[in-house]
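In: Could you look at this predicted model? Sequence included:
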Amino acid sequence: CYGYGDPHYVSFDGTYFPFQGNCTYVLSRDMTTRAHDYEVLVHNVECHYQQRGTCTKAVTVRHAGHEVTLMNGRVVKVDGAYSHVNYNAPVTTQGMEVRLAGLQLELKIPTLNIIVTFNEINHGFSVQVPVSRYYGRTEGLCGTYMCLKNKVKRLQCLVVTNIDMSMLVLQVVSQKNQAPCHTSHSRDQTSPSPVPPRSSVRSCPPPSRQTVIRGPLFEDCNLLINPDTFVEACIFDVCNSDLDTPEDQACDAIAAYAQMCLMQGICVDWRDDSLCPIHCPAPMEFTECGTGCPATCDDPTAQNCDTTLPGCYCPDGMVLHENQCMAPEECHVCTVCRCSEQASANGEHEVFCETQRCPTAADCPAGYELVMIGGECCGECRQTHCSVQMDGQDQPQLYAVGETWTVEGSCPQEECVCMEQYGRPYTTCSTTTCPDITGCPQEFIAMDENGCCQICQETSHGCSAVLKEGHPQKLKVGICESIVEVNVTECEGRCGSSTSVLFPDDYSQENCNCCKPTKTERRQVDMVCEDFTQVVHEYDVIMECSCEASQCVQWSQP
């Protein structure tokens with residue numbers, strides 16, 4: 001079942017009829033007292049270019065509790081959410097899949113073997129349902145069992161008003177905030193004829209473009225498909241057009257007939273610059289006989305496609321990628337081929353090839369760079385920096401190998417460093433524990449510069465050079481003693497120590513500090529010995545001290 005133009009319908013049994021109702025109608029659904037297997041609705045609105053006609057602006061399909069609406073501009077609405085359909089990015093929902101086939105949207109319900117299409121170029125639509133499952137079990141504009149059995153009542157089944165729906169097989173779908181539905185006066189609702197009366201069409205000379213359908217271009221197709229109903233539709237649309245060039249309204253009927261020819265395997269390239277031209281975004285070109293599966297970066301040959309559809313296609317030698325035409329070498333793809341293990345009957349092995357898209361520099365995340373690998377067709381994104389996601393920041397912070405940083409807000413303070421192992425950067429962090437201030441006089445307790453830990457400031461001032469207890473006194477070295485008393489100094493004071501744990505290895509690191517001399521002075525003193533000899537002895541005097549790192553030695557009670 002299909003329709004097009006103003007709109008003109010052809011039911012499942014091949015009967016043609018025009019119907020200009022302005023509402024949302026059931027195009028087809030299964031007859032049941034329970035939930036429907038499927039339901040196809042057409043949304044008809046008044047056309048700005050027709051005197052009394054309407055056209056289809058969208059098609060809705062309901063299945064398994066979900067609703068998908070096919071709309072103009074390659075837009076679909078899936079359960080209320082809008083999205084665009086691209087050639088290499090079909091839209092799927094549970095039980096339904098929508099793809100772009102040439103210029104039309106195609107929806108499939110694989111479990112029911114149902115196909116629904118919508119073509120905004122000629123306001124066309126179609127429904128295909130399997131005969132084995134639904135013969136005599138459908139209702140709607142596409143035909144019902146009752147209508148097929150009683151042709152006198154066909155119009156009563158097909159023409160719908162919102163006045164008395166109880167006696168009609170076809171139902172109008174109610175819409176919120178929608179103006180009352182009405183049918184065009186161009187149709188006698190009581191007439192048994194499936195073709196509109198001539199009085200409903202204003203008098204006008206036969207349009208010249210109707211001859212295209214019966215002309216040489218469609219000569220082969222005329223032998224297979226009777227063009228009369230399409231010519232009738234062509235005359236109807238042209239004679240009811242409000243356009244300055246009403247002949248343009250013939251395009252919908254011609255396109256519909258060309259589509260029927262295509263379904264019979266006859267492709268007619270009938271459009272040109274003067275006859276219903278279609279303009280594509282450069283550098284795409286329109287053709288009636290294009291492949292329904294255009295060559296893309298992911299499938300540059302499109303070998304497994306036997307569909308022919310009109311549409312906008314890339315010029316020969318170019319492929320489609322993200323709605324842009326480009327040369328195949330710009331695709332960053334690799335073709336990997338392998339030879340079959342077993343030979344065929346003629347002794348030859350088959351070659352199987354698979355095309356894979358290579359990553360580009362733009363595909364690599366932050367902290368990674370594209371690196372080409374010797375002997376490999378594609379490169380890979382290899383990590384070069386440590387990537388750290390900081391709180392309150394949208395983008396991760398990158399650190400080069402060897403770079404250190406402090407985790408903001410950490411207490412005790414956490415310090416991290418970017419290190420490298422086996423050529424891969426990784427992050428390791430350590431937490432500094434707060435120092436032990438046991439025994440520290442209260443007046444020396446203060447907070448560190450980060451405001452996190454208490455420290456004993458006495459340690460930094462207590463380490464200094466002091467006079468050794470009992471000095472000055474005479475210096476004794478062996479059997480010798482200085483003649484005069486000398487001052488001997490030493491380093492005295494407390495220095496802090498700490499222990500930290502390195503993550504992720506849970507390695508404990510200890511830091512010990514001792515009060516050590518940092519400046520000494522060499523002096524001489526005269527000494528007299530027990531053997532009555534005199535000598536000059538040199539000794540060092542500690543002048544300054546400070547806390548210096550030292551190895552931590554475990555202390556035990558003697």
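Out: Sure thing, it's come through. Numbering: from 1, shown residues only.
In: how does the protein divide up, domain by domain?
Out: 1-176, 195-268, 278-357, 463-550 (automatic domain parsing).
In: Among these, single out whichever gets nearest to Gly409.
Out: Gly409 sits nearest to domain 463-550 of all the domains of the chain, at 17.1 Å, using CB to CB. Placement of C-beta: from N, CA and C, glycine included.
In: and Asp299, what helix or strand is that in?
Out: Taking DSSP states H and E as the definition, one finds Asp299 inside no helix or strand.
In: ok, so what distance separates it from Ile115?
Out: 22 Å (CB to CB, to the nearest Å).
In: quick one on the thing from earlier: make a markdown table out of the domains of the chain and add mean pLDDT and mean neighbour count.
Out: Converted to a markdown table, these look like this (pLDDT from 0 to 100; neighbours: other CB atoms under 10 Å):
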| stretch | mean pLDDT | mean neighbour count |
| --- | --- | --- |
| domain 1-176 | 79 | 18 |
| domain 195-268 | 78 | 18 |
| domain 278-357 | 81 | 14 |
| domain 463-550 | 84 | 14 |
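In: Distance-wise, check Gly3 relative to Asn323.
Out: Gly3 is 29 Å from Asn323, by CB to CB.
In: Also Gln551?
Out: Gln551 is 68 Å from Asn323, where distance means CB to CB.
In: And for Tyr399?
Out: From Tyr399 across to Asn323, the span is 38 Å (CB to CB).
In: Then Ala35?
Out: 38 Å.
In: And for Thr69?
Out: Per CB to CB, Thr69 is found 22 Å from Asn323.
In: Repeat that for Gly496.
Out: Taken as CB to CB, the span from Gly496 to Asn323 is 66 Å.
In: Report the beta-bridge partner residues of Phe352.
Out: Beta-bridge partners of Phe352, counted by DSSP bridges, are Arg338.
In: CA atoms of the longest strand anywhere in the chain as PDB?
Out: Secondary structure assigned by DSSP state E gives strand 507-529 as the longest strand of the chain. Output of strand 507-529 as PDB, limited to C-alpha atoms (Å, rounded to 0.1, in the frame of the first residue of the first chain):
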ATOM      1  CA  TYR A 507      55.500   1.400  50.400                       C
ATOM      2  CA  SER A 508      56.400   3.000  53.700                       C
ATOM      3  CA  GLN A 509      59.000   5.800  53.500                       C
ATOM      4  CA  GLU A 510      60.600   7.200  56.700                       C
ATOM      5  CA  ASN A 511      62.100  10.600  57.000                       C
ATOM      6  CA  CYS A 512      64.500  11.300  60.000                       C
ATOM      7  CA  ASN A 513      66.300  14.500  60.800                       C
ATOM      8  CA  CYS A 514      69.200  15.000  63.300                       C
ATOM      9  CA  CYS A 515      70.800  18.000  64.800                       C
ATOM     10  CA  LYS A 516      74.100  18.200  62.800                       C
ATOM     11  CA  PRO A 517      76.900  20.800  62.500                       C
ATOM     12  CA  THR A 518      76.700  22.900  59.400                       C
ATOM     13  CA  LYS A 519      79.800  25.100  60.100                       C
ATOM     14  CA  THR A 520      83.000  24.400  62.000                       C
ATOM     15  CA  GLU A 521      86.200  26.300  62.700                       C
ATOM     16  CA  ARG A 522      89.800  24.800  62.900                       C
ATOM     17  CA  ARG A 523      91.800  26.000  66.000                       C
ATOM     18  CA  GLN A 524      95.200  25.300  67.600                       C
ATOM     19  CA  VAL A 525      96.200  24.900  71.200                       C
ATOM     20  CA  ASP A 526      99.600  24.300  72.900                       C
ATOM     21  CA  MET A 527      99.800  21.100  74.900                       C
ATOM     22  CA  VAL A 528     102.400  19.700  77.400                       C
ATOM     23  CA  CYS A 529     102.800  16.000  77.700                       C
END
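In: How far does stretch 272-286 sit from its chain's centre?
Out: Mean C-alpha position of stretch 272-286 versus that of the full chain (CA atoms, centre = their mean, to the nearest Å) differs by 31 Å.
In: swap that for stretch 35-53, please
Out: The chain centroid and the centroid of stretch 35-53 are separated by 32 Å under CA atoms, centre = their mean.
In: Work out for me the element Glu67 sits within.
Out: Using DSSP H and E, Glu67 sits in strand 66-71.
In: Can you tell me the strand partners of the next helix or strand after that strand and which way each runs?
Out: Using DSSP H and E, the helix or strand that follows strand 66-71 towards the C-terminus is strand 75-78. Here strand 75-78 has these sheet partners by DSSP bridges: strand 66-71 (antiparallel), strand 81-84 (antiparallel).
In: Quick one: closest of those to Gly292.
Out: strand 66-71 (16.6 Å).
In: who touches the closest one?
Out: 57-61, 76-79, 91, 93-96, 98, 105, 107, 116-118 (CB atoms under 8 Å, 6 or more residues apart in numbering).
In: Please look at Ile455 and Asp448 and confirm they touch.
Out: Yes: here Ile455 lies in contact with Asp448, judged by CB atoms under 8 Å, at a distance of 5.1 Å.
In: Which one's more surrounded, the two?
Out: Ranked by neighbour count (other CB atoms under 10 Å), Ile455 and Asp448 place Ile455 first, with 18 against 15.
In: Does anything pack onto the host helix or strand of the more buried one? Which helices or strands?
Out: Element membership for Ile455 (DSSP H and E) is strand 454-456. Packing contacts for strand 454-456, counted by 3 or more CB pairs under 8 Å, 6 or more residues apart in numbering; DSSP states H and E, involve strand 445-447.
In: Name every strand pairing with the strand it packs on and say which way it goes.
Out: Counting by DSSP bridges, strand 445-447 is paired with strand 454-456 (antiparallel).
In: Which stretches in the chain count as helices?
Out: Under the criterion DSSP state H, helices of the chain are mapped to 131-134, 145-149, 154-158, 210-213, 219-222, 228-239, 250-263, 458-462.
In: residue nearest the centroid of this structure?
Out: Centroid-nearest residue in the chain: Ala89, 9.7 Å away (criterion: CA atoms, centre = their mean).
In: tell me the contacts of that one?
Out: With CB under 8 Å, 6+ apart, Ala89 has no contacts at all.
In: That one bridge partners, please.
Out: Beta-bridge partners, per DSSP bridges, of Ala89: Asn86.
In: so how far is Val76 from it?
Out: 12 Å.
In: If I look at Ser193, what pLDDT would I see?
Out: You'll see Ser193 listed with a pLDDT of 32.
In: for Thr433, same thing?
Out: pLDDT, Thr433: 81.
In: tell me the phi and psi of it?
Out: Torsion angles at Thr433 (phi, psi; degrees, to the nearest 10) stand at phi -80, psi 150.
In: cool, and Trp270?
Out: Here is the backbone geometry of Trp270 (degrees, to the nearest 10): phi -100, psi -20.
In: any idea how far the closest residue to it other than its chain neighbours is from Val238?
Out: Spatial nearest neighbour of Trp270, excluding adjacent residues (CB to CB, 6 or more residues apart in numbering): Leu217 at 5.0 Å. Counting by CB to CB, the separation of Leu217 from Val238 is 18 Å.
In: try Glu67
Out: Using CB to CB, one gets 36 Å for the distance from Glu67 to Val238.
In: Same check on Pro130?
Out: From Pro130 to Val238 the distance is 37 Å (CB to CB).
In: again, but for Gln454
Out: From Gln454 across to Val238, the span is 93 Å (CB to CB).
In: just Cys480 next, same as before
Out: As judged by CB to CB, Cys480 and Val238 stand 134 Å apart.
In: likewise Asp306?
Out: Taking CB to CB, one finds Asp306 at 36 Å from Val238.
In: ok now do Gly73, which residues does it touch?
Out: Contacts of Gly73 by CB under 8 Å, 6+ apart are 84, 120.
In: swap in Arg338?
Out: 351-353 are the contacts of Arg338 under CB under 8 Å, 6+ apart.
In: Export those residues as CSV, with columns for distance to Leu27.
Out: Listed next are those as CSV, based on distance: CB to CB, whole Å:
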residue, distance to Leu27
Val351, 47
Phe352, 44
Cys353, 43
